[in-house]
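Trainee: Any chance you could fold what I've pasted below:
(chains A, B, C and D)
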Number of protein chains: 2
Amino acid sequence: MRIVVADCTVRYEGRLNAYLPRATRLIMVKADGCVAVHADGGAYKPLNWMNAPNDLLVEDDRWVVTGSKGERLMIDIHEIHFEHVVDLGEDPGLEKDGVELELQRLLAETPEVLGDGMTLIRREFPTPVGPVDLLCRDADGATVAVEVKRRGEIDGVEQLTRYLEFLNRDDRLAPVRGLFVAQLVKPQARTLAEDRGIDWQEVDYATLQGIDSDILRLF
Amino acid sequence: MRIVVADCTVRYEGRLNAYLPRATRLIMVKADGCVAVHADGGAYKPLNWMNAPNDLLVEDDRWVVTGSKGERLMIDIHEIHFEHVVDLGEDPGLEKDGVELELQRLLAETPEVLGDGMTLIRREFPTPVGPVDLLCRDADGATVAVEVKRRGEIDGVEQLTRYLEFLNRDDRLAPVRGLFVAQLVKPQARTLAEDRGIDWQEVDYATLQGIDSDILRLF
DNA sequence: AGTTCCATGTCGCGG
DNA sequence: CCGCGACGTGGAACT
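Mentor: Residues are numbered from 1 along each chain as shown, chains lettered A, B, ... in the order given. Sure, this is the predicted structure:
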């Protein structure tokens, strides 16, 4: 990454035309070739930018960044106040535990949402092919393996199928039925689940939060 | 603006929960208090951020940024590789001549889009209350004042009405009829225009660009 | 303040 | 490659 603080004027010609009069700004060039021109305010969005892939042509005090679809960003550098180049390396990337884990937590606290008389045996119940989100017992005393997804798609049903295969080999648990739970269960996932005898259910996150906080209020 | 390159781990708790494992990243703190954590790729969007207004609490190697609605960004700084603070000052801001001026330019080059036999008299034709976007002559030899907007709303019709009032006092031009042109003309604007005897027309930007480049190709 | 709509939206998935 | 939908969408204009 190259970081330059400089007096500059900037012109963008692409999806629209835009112009930045001369002022001091931060210019950031990332390793993938994307360029961003930042002022000292205005949230994280730069004043002007060009996303990778780009051709970056630097000649003296004029940078010309050309995008793949003919967009151009022209930066005239009038005076460099400061410059630094650093190699950050690959980033391991962002882990969002947000929604899925939160859904799982809420359902673990109110398993009756998944059926009258449903009780929780364990969260993250281990199997040789990974942990089942929720292992429950229904009103009839049968074991239920619950897979929780934010968006219910086919791969989630496949995952639950693998868990069921292993869980049903355990005589203390078998027979185990599957329940696929998501905020939205896609039609293909519904079809596949039904074909495999797996129940599916949509749950509303906001409603769950309401139920959850109602319960908490009792204590 | 404060620029820090450091090994860090980042945790965000707000609209969702997210976590960034330890790695070297750029941390940018702008004068308005907003904070952004950038990797060396991935367009201009930071991995994590907090928009102003924020409380920024720095204690030793842990920064805690708290937003107005209780969101928190926690940055643990393990090792600072580089740091720089610079005052960029106010930015004069971005000038977009983009869409409206571009529409005007395209229509000026192909006025026949606005009616068979339509020809351009002048762009930015001056009146005492401001310039009319396009002054044209139609197939019947009548003068047409054209107001061009990206989105056609009531104030645009009002503007055109004022122009017409003045243009019609000029005996060399009168009678002048009005034409309100936009990519999208809102229902209220349509009604008002029709009520005042002003024609309106929707034009498609992409189509115009196509027509325009077709014409350029002839030369 | 709440709501609606725009954006050089960006980003990721599925066809 | 392209269309479609979600996003910590952000931001402006309007009610």
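Trainee: low-scoring pLDDT stretches of chain A, where are they?
Mentor: Within chain A, the segments meeting pLDDT under 70 span A:95, A:97-102, A:129-130, A:205-206, A:208-219.
Trainee: Just give me the residue right at the centre of chain A.
Mentor: For chain A, the residue nearest the mean C-alpha position is residue A:96 (5.4 Å; Cα atoms, centre = their mean).
Trainee: so how far is stretch A:146-157 off the chain centroid?
Mentor: Chain-centre distance of stretch A:146-157: 15 Å, with Cα atoms, centre = their mean, to the nearest Å.
Trainee: and the residue nearest to the residue nearest to the centre of chain A when sequence neighbours are not counted, how many residues sit next to it?
Mentor: If the residues on either side of it in the chain are set aside, residue A:96 comes closest to residue B:18, at 4.8 Å by Cβ to Cβ, 6 or more residues apart in numbering or on different chains. C-betas here are computed from N, CA, C, even on glycine. Per other Cβ atoms under 10 Å in any protein chain shown, the neighbour tally for residue B:18 reads 18.
Trainee: Next, the buried residues of the helix or strand harbouring residue B:18.
Mentor: Per DSSP states H and E: residue B:18 is located in strand B:17-29. With burial defined by 16 or more other Cβ atoms under 10 Å in any protein chain shown, the residues of strand B:17-29 counted as buried are B:18, B:20, B:23-29.
Trainee: re the thing from before, which residues sit in contact with the residue nearest to the centre of chain A?
Mentor: Counting by Cβ atoms under 8 Å, 6 or more residues apart in numbering or on different chains, residue A:96 touches B:16-18.
Trainee: Which of these lies at the shortest distance from residue B:153?
Mentor: Nearest to residue B:153 among the contacts of residue A:96 is residue B:16, at 36.1 Å by Cβ to Cβ.
Trainee: Next one: the residue lying farthest from the centre of chain A from residue B:12, what distance?
Mentor: Within chain A, the residue lying farthest from the chain centre (Cα atoms, centre = their mean) is residue A:60, at 41.3 Å. For residue A:60, the distance to residue B:12 equals 41 Å [Cβ to Cβ, to the nearest Å].
Trainee: swap in residue A:111?
Mentor: According to Cβ to Cβ, residue A:111 stands 29 Å off from residue B:12.
Trainee: okay, these two: which has more neighbours?
Mentor: Neighbours per residue, other Cβ under 10 Å: of residue A:111 and residue B:12, the larger number sits with residue B:12, 24 against 19.
Trainee: which residues of chain A fall in helices?
Mentor: With DSSP state H as the criterion, chain A has helices at A:98-109, A:154-167, A:187-195, A:205-217.
Trainee: residues from chain A in reach of DNA strand C?
Mentor: Within chain A, the residues that sit near DNA strand C (Cβ under 7 Å from any atom of the strand) are A:12, A:14-16, A:18, A:47-51, A:71, A:73, A:153, A:155, A:188.
Trainee: hey, what's the nearest residue to residue A:199 once chain neighbours are set aside bridged with?
Mentor: Of all residues not flanking residue A:199 in the chain, residue A:179 sits nearest, at 4.8 Å (Cβ to Cβ, 6+ apart). Using DSSP bridges, the bridge partners assigned to residue A:179 are residue A:146, residue A:199.
Trainee: neighbours around residue A:179, how many?
Mentor: Residue A:179 has 22 neighbouring residues, counting by other Cβ under 10 Å.
Trainee: isn't it right next to residue A:202, touching?
Mentor: No. At 11.7 Å, residue A:179 does not count as touching residue A:202 under the criterion of Cβ atoms under 8 Å.
Trainee: Residue A:103 - how many residues pack around it?
Mentor: Per other Cβ under 10 Å, the neighbour tally for residue A:103 reads 21.
Trainee: No further queries at this time; thank you.
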